[in-house]
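Student: How does the following fold in three dimensions:
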Amino acid sequence: MTHPVPPRLRKVRVLATLGPASSTPERIEALGRAGADAFRVNMSHGDQAGKVAVIQAIRALEKHWGRPTTILADLQGPKLRVGRFTDGRVILATGQRFVLDRSPEPGDAARVELPHREIFDAIEPGARLLLDDGKLVLRVGEHDADRIVATVEVGGPLSDRKGLNVPDVVLPLAALTEKDRSDLAFAIHEGVDWIALSFVQRPEDLMEARRLIGGKAALLAKIEKPAAIDRLEEIVEQCDGVMVARGDLGVELPPQRVPPLQKRIVEVSRRLGRPVVVATQMLESMITSPSPTRAEVSDVATAIYDGADAIMLSAESAAGAWPVESVAMMNAIGEAVERDPMHGDRIHFTVTRPDPTTADALAEAAKNIATTVGVAAIICYTTSGSTARRIARERPSVPLMVLTPNMATARRLGLLWGTYAVHTRDVESFEEMVAKARRMALRHGMAKAGDRIIVLAGVPFRTPGSTNVLHVVRVVGDELKGYAG
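Tutor: So this is what the prediction gives:
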């Protein structure tokens, strides 16, 4: 027996990361009730066996609520680290010489192993090496195939296996490691809806992941490397969605460059019709505090005003002391921003010109009619989800209900702005299309008797990519009489 929850009319989606603080069925349900629209499973932590129970709990919640629920599996990607030290830790002084080499011997204050041949192949004089999330900065001088001699520009303590970032060169590293390939195969087998790919530097990095996914999930590119910015539009065109991974961007770039880049990534993604997630450190203080700072609230609100499809919680919901409260706060910020009379104007600062297709023309027309005529909702029939993405790209002022016979499509739409997906049987005729749209709008609280709704579909039915009908109808009060389905 299902227990339907009322539809959220909040348009920005909330993506919550699951972890030690939030992986039980009870806590996952609490996050869903607090406002989570989708759940992120971070493959960087824990093992695959532990992820099975989490994914099963989400699917059980989906069945309990009778609502498609979205799961994103986030692959770890390559992790660059230095080797170990004889005493476990050294202090590097600003101005000193420091060597990174291929020797596996434990290091000291003068040298350490760098077990990544690809860095030696790609590094150039003058390039920076950032250690321990950017806390230490080295500048490369001379180098050869086995040795990099650098000068310490920002010193400090450095301990075993600390991370290394190389922001100034494109590294000849595949975005998928052996661990990632195993995790990807596992995630596909478990039926996740989105795969997030880390360490994307160029559009070619997406090709292997796309091949391995084989159409069984949508592919999201994490923009976390400066090299990705140089080929941003090509990368966005090659993926199904984008994540602004601000934490890693903020390590490899000066922090003041991240906000303009965030706006640029959101703008490009919206213009090209790809859902975009803004992530990392959004409510960071709520890891330990029951309330966020005012600056964090403003940061989240800015992403919403920019028109991001989704806003994401990381450690706040995965490992923090206040996971449910963090989700509830994200939900509250989203609702407050979208009640602002200026919200509609601000999210249309990005110009999304339609492509010369019937589907794009109808999507733009639906947005304009919704405003001019004053409809309650847009009802869209789709098999692949492409019509829904086109309409959502226009950021209409009314809710978008998507009716699809494809459960995979319904689940993937959980990251798409303003979309309320319903898994339902397909229709066979124009009359059935109109009647079902009216019925579903009433049943799910999208409209009431007397309201107008817009219906979009493709004729002939069951033909993907054939959207060619826009119909404005009025809902009548007896739509649900005698209907048990």
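Student: what's stretch 371-382 in contact with?
Tutor: 366, 369-370, 387-388, 391, 396-404, 409, 426-427, 433, 437, 440-441, 446-448, 451-458, 461, 467, 472, 475 (C-beta atoms under 8 Å, 6 or more residues apart in numbering). All C-beta atoms are positioned from the backbone trio N, CA, C, and that covers glycine.
Student: for it, which positions count as buried?
Tutor: 375-382 (16 or more other C-beta atoms under 10 Å).
Student: And those residues, which two are furthest apart?
Tutor: 376 and 382 (19.6 Å; C-beta to C-beta).
Student: Strands of the stretch 1-150 of the chain, residue ranges please.
Tutor: 13-18, 38-42, 70-74, 89-92, 97-101, 111-113, 128-131, 136-144, 147-154 (DSSP state E, counting those that start in this stretch).
Student: Looking at these, spot the one closest to residue 335.
Tutor: Of all those, strand 13-18 sits nearest to residue 335, with 10.6 Å by C-beta to C-beta.
Student: Quick one: list the elements packing against the closest one.
Tutor: helix 25-34, strand 38-42, strand 310-313, helix 315-318, helix 323-339 (3 or more C-beta pairs under 8 Å, 6 or more residues apart in numbering; DSSP states H and E).
Student: can you count the residues close to residue 295?
Tutor: 8 (other C-beta atoms under 10 Å).
Student: separation between it and residue 289?
Tutor: Using C-beta to C-beta, to the nearest Å, we find residue 295 at a distance of 13 Å from residue 289.
Student: that older thread, so can I have JSON lines of the buried residues of stretch 371-382 showing distance to residue 118?
Tutor: JSON lines is the format used below for the buried residues of stretch 371-382 (distance: C-beta to C-beta, whole Å):
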{"residue": "375", "distance to residue 118": "55"}
{"residue": "376", "distance to residue 118": "56"}
{"residue": "377", "distance to residue 118": "52"}
{"residue": "378", "distance to residue 118": "49"}
{"residue": "379", "distance to residue 118": "51"}
{"residue": "380", "distance to residue 118": "46"}
{"residue": "381", "distance to residue 118": "48"}
{"residue": "382", "distance to residue 118": "42"}
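Student: Now, the residues you listed that are in strands?
Tutor: 377-381 (DSSP state E).
Student: ok, these vs residue 98, which is closest?
Tutor: residue 380 (58.4 Å).
Student: How is this protein divided into domains?
Tutor: Domain assignment for the chain by automatic domain parsing gives 13-77+176-341, 89-165, 358-474.
Student: Compute the first-to-last residue distance for the last one.
Tutor: For domain 358-474, the separation between the terminal residues is 24 Å (C-alpha to C-alpha, to the nearest Å).
Student: ok, now the first one?
Tutor: As for domain 13-77+176-341, its first-to-last residue distance stands at 20 Å under the measure C-alpha to C-alpha.
Student: gap between it and the chain center?
Tutor: Averaging C-alpha coordinates over domain 13-77+176-341 and over its chain gives two centres that are 4 Å apart (C-alpha atoms, centre = their mean, to the nearest Å).
Student: Quick one: mean pLDDT for it?
Tutor: Per-residue pLDDT values over domain 13-77+176-341 give a mean of 96.
Student: And the second one, by the same measure?
Tutor: This predicted structure assigns domain 89-165 an average pLDDT of 96.
Student: What of stretch 380-399?
Tutor: Computed over stretch 380-399, the average pLDDT equals 94.
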